[in-house]
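1. fold the stuff below for me.
(chains A and B)
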Amino acid sequence: ETGVTQTPRHLVMGMTNKKSLKCEQHLGHNAMYWYKQSAKKPLELMFVYNFKEQTENNSVPSRFSPECPNSSHLFLHLHTLQPEDSALYLCASSQEVGLAGPRDTQYFGPGTRLTVL
Amino acid sequence: KNQVEQSPQSLIILEGKNCTLQCNYTVSPFSNLRWYKQDTGRGPVSLTIMTFSENTKSNGRYTATLDADTKQSSLHITASQLSDSASYICVVSPLNDYKLSFGAGTTVTVRA
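-> Residues are numbered from 1 along each chain as shown, chains lettered A, B, ... in the order given. Alright, predicted model coming up:
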């Protein structure tokens, strides 16, 4: 295990539902990330938090709302999603944003497989 | 256009055989290049990391090479095992940007 956990592992929701994804890291890191992984496409960065402050919102639609209450926990709140939002959502953590070399290694959680009906 | 291109998109090999995966990138300047392994239903896990000045890095049966002049990297898997079945992702870290550039991955299937 990488030290990053995500719940739930699978989620099926209708377009009118509201749900939340949870990520927790046990590595003492200060940076956390949300990525979207669609089939046969590169990972897409969604949000970045460094020391609980959001440093990146990569033009993500407002139906995705992140929350980072502390350096160990990250949430992604979902509401009124579209079928094209179905994907694997990966959380990652690293020591902190801006470090170079091996210290910028990101450790990924197992992901949440989201299906929007 | 993606700055990291991987080939082939997928391949099937027999257990015990070798294979080589390719990664071409345009990210410049860059800090380091990583290969990640992603098993089905799991997140990516770092296999190797190379800085721009390194030519090769090994991790067990995995050997990564880097040619910074041609902006190419390869991942060689020796004596493949069934557990090597996974997606392998090439990831480049730009020098002055924390945002990583990901390839779309190569899916490797090892058959008995």
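
2. which one is A:Leu27 nearest to, not counting chain neighbours?
-> In this structure, A:Leu27 finds its nearest non-sequential neighbour in A:Gly3, 4.4 Å apart by Cβ to Cβ, 6 or more residues apart in numbering or on different chains. Heads up, the C-betas are built off the backbone N, CA and C, glycines and all.

3. run a quick neighbour tally on that neighbour.
-> Neighbours of A:Gly3 under the rule other Cβ atoms under 10 Å in any protein chain shown: 13.

4. could you do A:Tyr49 as well?
-> 22.

5. surely the residue nearest to A:Leu27 and A:His26 touch.
-> Yes: assessed by Cβ atoms under 8 Å, A:Gly3 is found in contact with A:His26 at 4.8 Å.

6. about what we covered before: which pLDDT value belongs to the residue nearest to A:Leu27?
-> Per-residue pLDDT puts A:Gly3 at 93.

7. name the nearest residue to the residue in chain B that chain A sits nearest to, sequence neighbours excluded.
-> In chain B, the residue that lies nearest chain A is B:Gly43 (3.1 Å; Cβ to the nearest Cβ). Using Cβ to Cβ, 6+ apart and skipping the chain neighbours, the partner closest in space to B:Gly43 is A:Phe108 (3.1 Å).

8. OK, contacts around the nearest residue to B:Lys17 once chain neighbours are set aside?
-> Using Cβ to Cβ, 6+ apart and skipping the chain neighbours, the partner closest in space to B:Lys17 is B:Ser80 (5.6 Å). By Cβ atoms under 8 Å, 6 or more residues apart in numbering or on different chains, B:Ser80 lies in contact with B:Ile13, B:Leu14, B:Glu15, B:Gly16, B:Lys17, B:Asn18, B:Cys19, B:Arg61, B:Val108, B:Val110.
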